[in-house]
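Student: Got a predicted model here, sequence first, then my questions.
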Amino acid sequence: MENQEKKHKRRVRYSGAYPKSYKEKYKELNPEKYADTVSRVIQKGSTPAGMHISICVSEILEFLQIKPGQTGLDATLGYGGHTQEMLKCLDSRGHLYALDVDPIESAKTKERLEKLGFGEDILSIRLQNFADIDRVSEEAGLFDFVLADLGVSSMQIDNPDRGFSYKTEGPLDLRMNPEKGISAAERLRNITQEELQGMLLENADEPYAGEISREAVSRLKRGKTIDTTGDLRQVVEDALAFLPAAERRETVKKSCQRTFQALRIDVNNEFEALYSFMEKLPGILAPNGRVAILTFHSGEDRIVKKSFKQFYKEGLYREISNEVIRPSAEECSRNSRARSTKMRWAIRAEG
Ligand SMILES: C[S@@+](CC[C@H](N)C(=O)[O-])C[C@H]1O[C@@H](n2cnc3c(N)ncnc32)[C@H](O)[C@@H]1O
């Protein structure tokens, strides 16, 4: 007799339509594999996860006037978008050096660019701080063109494990190179109220620097931690609890952005690195060599502007940009991260 008894099959548990983790969430994390998803995300005006949309590409290329056979430096490799465009201008002749301090993303970019045919013969990628451009120049000689696109990449901001964004929960790290220095959480552990207030003012012009620094230090004294992005967001929320409800939400958001920015600049020694880079630039540029720099906040722009002006007066640059160049309105609507971008440029004098 046929065995009518069918073995009970457990229903496969519905895992839900929504992915649970960052890695699961974004198909775009593998941009080559999910080209359709990626282009849909870009069309909507967002940056696909795991990717970075390069800013002011045409303005940069128009200014740099790259010719085949030249030697160039991309001081901030990131996703390699600008690098790729500059390599195309070299047309397989000459050499491009590219630096980044981020071991996680630069390894991925190196692999991606190699797959596109840009190997060691044309492109040398170095895990190195642009504060040390003189060392790269010892190897490469003088540069005909240099680009620096400052700050952090979308891949770094979007990865919650790295703690760059107040919008997602994660460890409060904020280092571009997590293998060097101390995390933002560690930095806060031993900070005084005065020091934190100064950092918030100097690095981000935070109007509530006093309130936020007092709340942070008092929280630590009460035995509570500021180890995660959520903890720091809570500090800002508590510090601004006195504001009328109608304006609190927007103010907390802006203060969170500035507080994270101030800490990021601090733990990565961003201003020190930029000063060093600007000081060494004239010494690594070939006669008539061109440099373009993209900045993303007033502190950075001030350093670039002052340095260009000073060396222009001293005769080391023959020409500098008088006005900042801004991305077009069309680019800003396509890529919201372009909105705060300012570009400045300089041309090395002949002598
Ligand atoms: C805005 S992203 C560059 C994006 C890139 N231009 C592109 O098109 O994909 C800035 C990059 O500079 C790197 N960076 C920031 N400060 C640096 C420094 N002092 N030395 C070297 N790289 C740095 C960051 O790790 C990040 O990857």
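Tutor: Received, thanks. The structure presented is a predicted model; accordingly, all values stated were derived computationally and were not measured.
Student: rest of the way, CA atoms for contacts and neighbours
Tutor: Noted.
Student: wait, what's in contact with residue 236?
Tutor: 212, 215, 252, 255-256 (C-alpha atoms under 8 Å, 6 or more residues apart in numbering).
Student: mind redoing it with 7 Å?
Tutor: For residue 236, the contacting residues are 212, 252, 256, by C-alpha atoms under 7 Å, 6 or more residues apart in numbering.
Student: and the residue of the stretch 251-351 of the chain found nearest the ligand, how many neighbours does it have?
Tutor: Going by C-alpha to the nearest ligand atom, the ligand is nearest to residue 273 of the stretch 251-351 of the chain, at 5.2 Å. Counted with other C-alpha atoms under 10 Å, the neighbours of residue 273 add up to 15.
Student: Is the residue sitting nearest the centre point of the chain in a helix, a strand, or coil?
Tutor: With distances taken as C-alpha atoms, centre = their mean, residue 152 lies nearest the centre of the chain, 0.9 Å away. Assigned with DSSP: H, G, I helix; E, B strand; the rest coil, residue 152 falls in the coil class.
Student: now residue 233
Tutor: helix.
Student: buried stuff in the longest helix along the chain?
Tutor: Counting by DSSP state H, the longest helix found in the chain is helix 245-267. Within helix 245-267, the residues scored as buried using 16 or more other C-alpha atoms under 10 Å are 251-253, 255-267.
Student: can you tell me the residue of the stretch 151-300 of the chain closest to the ligand?
Tutor: Nearest to the ligand in the stretch 151-300 of the chain, going by C-alpha to the nearest ligand atom, is residue 153, at a distance of 3.9 Å.
Student: doesn't residue 53 make contact with that residue?
Tutor: No - checked against C-alpha atoms under 7 Å, the pair residue 153 and residue 53 is beyond contact range at 8.8 Å.
Student: gap between the following helix or strand past the longest helix of the chain and the chain center?
Tutor: Sequence order places helix 270-284 as the next helix or strand after helix 245-267, per DSSP states H and E. Mean-position distance between helix 270-284 and its chain equals 18 Å (C-alpha atoms, centre = their mean, to the nearest Å).
Student: And stretch 187-196, by the same measure?
Tutor: On C-alpha atoms, centre = their mean, the centre of stretch 187-196 falls 24 Å from the chain's centre.
Student: Not counting its own residues, what contacts that stretch?
Tutor: With C-alpha under 7 Å, 6+ apart as the test, stretch 187-196 has contacts from 213-214, 217.
Student: ok, and the most crowded of those residues?
Tutor: Neighbour-wise, these (other C-alpha under 10 Å) top out at residue 213, 25 neighbours.
Student: what about that one, which SS state?
Tutor: helix.
Student: That one reaches residue 197, doesn't it?
Tutor: Yes - using C-alpha under 7 Å, residue 213 makes contact with residue 197 at a distance of 5.4 Å.
Student: just the contacts of stretch 187-196 that are near the ligand?
Tutor: Checking the contacts of stretch 187-196 against the ligand by C-alpha under 6 Å from any ligand atom, not one of them is in range.
Student: any chance of those residues in a markdown table, plus pLDDT?
Tutor: Below are these laid out as a markdown table (pLDDT from 0 to 100):
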| residue | pLDDT |
| --- | --- |
| 213 | 98 |
| 214 | 98 |
| 217 | 98 |
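Student: nearest to residue 283, of those?
Tutor: Closest to residue 283 out of those is residue 213 (40.5 Å), distances taken as C-alpha to C-alpha.
Student: Pull the contacting residues for the closest one.
Tutor: Contacts of residue 213 by C-alpha under 7 Å, 6+ apart are 193, 196-197.
Student: Spell out which residues of the stretch 251-351 of the chain are next to the ligand.
Tutor: So the stretch 251-351 of the chain meets the ligand at residue 273 (C-alpha under 6 Å from any ligand atom).
Student: re the thing from before, among the contacts of residue 213, which one has the most neighbours?
Tutor: Ranked by neighbours (other C-alpha under 10 Å), these are led by residue 196, which has 23 neighbours.
Student: any idea whether that one is helix, strand or coil?
Tutor: helix.
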